[in-house]
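K.L.:
Next come a sequence and a model predicted from it.
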Protein chains: 2
Amino acid sequence: MKKTQLSVGILGLGIVGTGVVKILTEKHRELASKLGLPIVVKRVADIDVRRKRALKLPRNVFVKNAETVIDDPSIDIVIELIGGIHPAKEYILRSLRNGKHVVTANKALLASEGSDIFKAAHKNKVVIGFEASVGGGIPIIKIIREALIGNRIKALYGIINGTSNYILTKMTEAGIDFSTALKEAQTLGYAEADPTLDVNGTDAAHKLAILATLSFHIPVSYKKIYTEGITRITPLDIAFASEFGYTIKLLAIAKQLNTDIELRVHPTMLPKEYLISHVNGVFNAVYVEGDAIGPALYYGRGAGDMPTGSAVISDIADIARSIKGGANTLFRGNRIQRKTNLTLQKIEDIQGSYYFRFSVLDRPGVLSKISGILGDYNISIKSVIQKERHKEKVVPLVMMTHKAREKDIISAVKNIKKLTVVHGNPVYIRVEGGKE
Amino acid sequence: MKKTQLSVGILGLGIVGTGVVKILTEKHRELASKLGLPIVVKRVADIDVRRKRALKLPRNVFVKNAETVIDDPSIDIVIELIGGIHPAKEYILRSLRNGKHVVTANKALLASEGSDIFKAAHKNKVVIGFEASVGGGIPIIKIIREALIGNRIKALYGIINGTSNYILTKMTEAGIDFSTALKEAQTLGYAEADPTLDVNGTDAAHKLAILATLSFHIPVSYKKIYTEGITRITPLDIAFASEFGYTIKLLAIAKQLNTDIELRVHPTMLPKEYLISHVNGVFNAVYVEGDAIGPALYYGRGAGDMPTGSAVISDIADIARSIKGGANTLFRGNRIQRKTNLTLQKIEDIQGSYYFRFSVLDRPGVLSKISGILGDYNISIKSVIQKERHKEKVVPLVMMTHKAREKDIISAVKNIKKLTVVHGNPVYIRVEGGKE
């Protein structure tokens, strides 16, 4: 039976939900004309019904119970925007079982319980759309699944946490420290009151898990991703990085090398001349290297009511086209190979260049001692900065290495730390790109 | 009837055609698994059958006549890669009439005869895919039509001619002149033996016509687009631009302001801090500003066998999904409003900042004479560079203006040119962005 309209029900009327309703109401005629059938907001469930006021929706649309939406037989698509694992998961599964398509922005859920949800969508022959879960205004899900379908993804590098990128940008531009930049971000609404999941890299790991699942067709839980946040980055390291020609970004990295997959989130030094190094403030960007398209970069806002709302609308539109055609052509299967020859590399086994900063006593022979230990672990030094001269005072000794193995870096650091001339914990930052 | 395989026929086995065949053969199993049905290259028509050797296709696939492909009832999709207006147009129309979906990379054809082709696709209820027509590796067509469906496009700026971008990049980096950079581009295969359509902006205008049609839902012929190439750009102007903090790019510009549409292709000065200013070499990028997503940028290779081949595959995959679902859900109508309240602005009516370079006799009072004339036309000067001092010799006088109307710029230039102290033709370059 061909539908004459498409009814959506929304769970959660927060920032994104409000954006979705705004677009659906303000562009109602435009979307109907483009899609060939009107999209109607049938029900909106939210605990706090006061928020409804600014929206041009009939009063009877608003309900308090999610079940009223999920079990409404007239609703075609359930849009889950409440976030978190429970009860979001139960709501989504129940919607899928009710034969409804689901659109969600819930990265935390997909990154941990994605397999269950994709399986349920598959079983019930409905679509689960999640464009809004990664990179708000960047259509990276659609790009990887549809536009790059003829490509093997060789590597993917993402700046996919706006809060961290804003903080690092501010630290770089103003030379301020992490906590000052964080406070500024909170004042401007770019960081939450509890910014933990953003600044410790978890949010980026959630998104990377989703992107890796799509890129490599294997199930990835974010818990398996090596994750390191930006809390220990100092203006001093940013300044030294800059002297070496690098900028520091919180990068989500996915690489495939033969049957090895590398997945990690950590502060990363990138050559300043890279396009992605110029992605500043709250903006997000994903750099993808496909075997056919070569290098590509997609840039846009990572969050916000309208950018993320726009991503939800894109999923709704895809479903609308599918429903209008009278067939479920959109189910792309999220084809995940459970048996795979791909193995996730341990962080100890990755190889790359490293930046080091040691706090050392300014005394003859220190460099020789440290470089001796590095040499013992096959780590060779590419360049050194040892600027300040304060005899017998603690000064920074900074260096960049050639390609080395993380395992060796860890062992060398452990030994270097034991030297009496070395104070505190040595700092090391992984480097991507640049000349060997 | 559900298909068990999808048969494609290719017209033209040049660079892109070879890329398409490579992907379809090398990734045959992968694509079949992702799409749920195998894609088979059934026929390839090319005048030069020698090219077939490198490809893993049975001998009987190759034919000399396009009609053998177009009229083969077993073929579902015709891929037109011969380029040019005739006979490509006739081939495409005949394919559409035969009920076949068509995928094309033919920007010149779509930019001039697009209306006829879209109409024929609509009438025959088949899809015309043209992702490969703009920006090779950048899925800009899919992004505008699908991902940004909830957005009104406010502005679009594209570096969409790789040859021009390569030449300008080389001129900027090495300080060489246009013809030297062009020769280098030709040696490297980045410019054709006859580079006219690339360096005079026509190719970019073709692509802009397609992007504008999609963005504003109005029919646009490239002939109506104001177009200026890069042949008159000098290393001197690039150097002065740099001093003012700008870089020069061949930009395709589309803007909507109320009911006015601006479409133009010309060398443009852009603030160096813009992300798009860092798009160098043969790479392409499209910056889009949507009312919901805000600013976004998409970057990738603009040409080449594999990037453009990948775009063709993306269109084929979309059609495959549609066919597999048993319905034609992909026909997006290219909904073009023939009656529109939008009007294309004349170049004389655009407003913006300008860069000027006058060749003047180094003599007291010259600046006052020139700025006097500019003032008569309501053009106010923002900054001036007058570096060299060679009394009574011809020296460059360089300036940037505040916002002015092109009409006034043209009139002022005409009058300034008449001054005896001014030698040759004044140079002016349009500026986008930067502070007023």
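P.N.:
Thanks, I have the structure now. Residues are numbered from 1 along each chain as shown, chains lettered A, B, ... in the order given.
K.L.:
from here on, contacts and neighbour counts on C-alpha atoms
P.N.:
Fine.
K.L.:
quick one, helices of chain A?
P.N.:
In chain A, the segments counted as helices under DSSP state H are A:15-26, A:28-35, A:66-70, A:88-97, A:107-123, A:140-142, A:162-174, A:178-187, A:196-199, A:202-216, A:235-243, A:305-324, A:366-376, A:406-417.
K.L.:
any residues touching the first one, and which ones?
P.N.:
Yep, that's helix A:15-26 we're talking about. Under the criterion C-alpha atoms under 8 Å, 6 or more residues apart in numbering or on different chains, residues A:10-11, A:31, A:39-41, A:55-57, A:81, A:304-306, A:308-310, A:312-313, B:150 lie in contact with helix A:15-26.
K.L.:
can you put the helices of chain A in JSON lines and add mean pLDDT?
P.N.:
As requested, those are arranged in JSON lines below (pLDDT from 0 to 100):
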{"stretch": "helix A:15-26", "mean pLDDT": "95"}
{"stretch": "helix A:28-35", "mean pLDDT": "92"}
{"stretch": "helix A:66-70", "mean pLDDT": "97"}
{"stretch": "helix A:88-97", "mean pLDDT": "98"}
{"stretch": "helix A:107-123", "mean pLDDT": "94"}
{"stretch": "helix A:140-142", "mean pLDDT": "97"}
{"stretch": "helix A:162-174", "mean pLDDT": "98"}
{"stretch": "helix A:178-187", "mean pLDDT": "98"}
{"stretch": "helix A:196-199", "mean pLDDT": "97"}
{"stretch": "helix A:202-216", "mean pLDDT": "97"}
{"stretch": "helix A:235-243", "mean pLDDT": "97"}
{"stretch": "helix A:305-324", "mean pLDDT": "92"}
{"stretch": "helix A:366-376", "mean pLDDT": "96"}
{"stretch": "helix A:406-417", "mean pLDDT": "97"}
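K.L.:
Turn those helices into TSV, including mean neighbour count.
P.N.:
Formatted as TSV, the helices of chain A follow (neighbours: other C-alpha atoms under 10 Å in any protein chain shown):
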stretch	mean neighbour count
helix A:15-26	21
helix A:28-35	18
helix A:66-70	21
helix A:88-97	20
helix A:107-123	20
helix A:140-142	24
helix A:162-174	24
helix A:178-187	18
helix A:196-199	18
helix A:202-216	25
helix A:235-243	18
helix A:305-324	26
helix A:366-376	16
helix A:406-417	17
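K.L.:
These: which one's closest to B:Leu419?
P.N.:
In terms of C-alpha to C-alpha, the element of these nearest to B:Leu419 is helix A:162-174, at 46.8 Å.
K.L.:
so what are the domain limits for chain A?
P.N.:
For chain A, the structural domains run A:6-136+A:305-324, A:140-302, A:351-431, going by automatic domain parsing.
K.L.:
do you know which of those domains lies nearest A:Gln345?
P.N.:
Of all the domains of chain A, the one in closest proximity to A:Gln345, counting by C-alpha to C-alpha, is domain A:140-302 (5.3 Å).
K.L.:
what residue ranges in the stretch 201-350 of chain A score low on pLDDT?
P.N.:
Applying pLDDT under 70 to the stretch 201-350 of chain A picks out residues A:325-339.
K.L.:
Please enumerate the strands of it.
P.N.:
Counting by DSSP state E, counting those that start in this stretch, the segments of the stretch 201-350 of chain A that form strands are A:226-227, A:246-257, A:260-271, A:283-290, A:294-301, A:343-344.
K.L.:
what's the offset of the second one from the middle of its chain?
P.N.:
To tie it back to what came earlier, the one meant is strand A:246-257. Counting by C-alpha atoms, centre = their mean, to the nearest Å, strand A:246-257 is centred 11 Å from the centre of its parent chain.
K.L.:
what does stretch A:344-357 contact?
P.N.:
Residues external to stretch A:344-357 that are found in contact with it (C-alpha under 8 Å, 6+ apart): A:226, A:237, A:260-264, A:396-407, A:426-432.
K.L.:
out of those, which are buried?
P.N.:
A:226, A:237, A:261-264, A:396-406, A:426, A:428-432 (16 or more other C-alpha atoms under 10 Å in any protein chain shown).
K.L.:
near chain B, which residues of the stretch 101-250 of chain A show up?
P.N.:
If contact is defined as C-alpha under 8 Å from any C-alpha of the partner chain, the residues of the stretch 101-250 of chain A in contact with chain B are A:137-139, A:142-143, A:146-151.
K.L.:
In strands, which of those fall?
P.N.:
Of these, none are assigned to strands by DSSP state E.
K.L.:
Determine which of the strands of the stretch 201-350 of chain A approaches B:Gly114 most closely.
P.N.:
Between B:Gly114 and the strands of the stretch 201-350 of chain A, the tightest spacing by C-alpha to C-alpha is seen for strand A:294-301, at 28.0 Å.
K.L.:
what about that closest one and chain B, any contact?
P.N.:
Yes. In terms of C-alpha under 8 Å from any C-alpha, part of strand A:294-301 sits within range of chain B, namely A:294-301.
K.L.:
would you turn the residues you listed into CSV with neighbour count?
P.N.:
Rendered in CSV, the data for the residues of strand A:294-301 next to chain B read as follows (neighbours: other C-alpha under 10 Å):
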residue, neighbour count
A:Gly294, 16
A:Pro295, 19
A:Ala296, 20
A:Leu297, 21
A:Tyr298, 25
A:Tyr299, 26
A:Gly300, 26
A:Arg301, 23
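K.L.:
and which of those residues is nearest to B:Asn98?
P.N.:
Distance to B:Asn98, by C-alpha to C-alpha, is smallest for A:Gly294 among the residues of strand A:294-301 next to chain B, at 35.6 Å.
K.L.:
thinking again about what came up before, same list as before, the residues of strand A:294-301 next to chain B that is, but in a markdown table and with distance to A:Lys387 included.
P.N.:
Formatted as a markdown table, the entries for these read as follows, by distance: C-alpha to C-alpha, whole Å:
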| residue | distance to A:Lys387 |
| --- | --- |
| A:Gly294 | 40 |
| A:Pro295 | 37 |
| A:Ala296 | 38 |
| A:Leu297 | 37 |
| A:Tyr298 | 39 |
| A:Tyr299 | 37 |
| A:Gly300 | 39 |
| A:Arg301 | 39 |
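K.L.:
how far away is the closest residue to chain B within the stretch 301-436 of chain A from A:Pro295?
P.N.:
When you check the stretch 301-436 of chain A against chain B by C-alpha to the nearest C-alpha, the closest residue turns out to be A:Pro307, at 3.9 Å. Distance of A:Pro307 to A:Pro295, given as C-alpha to C-alpha, to the nearest Å: 24 Å.
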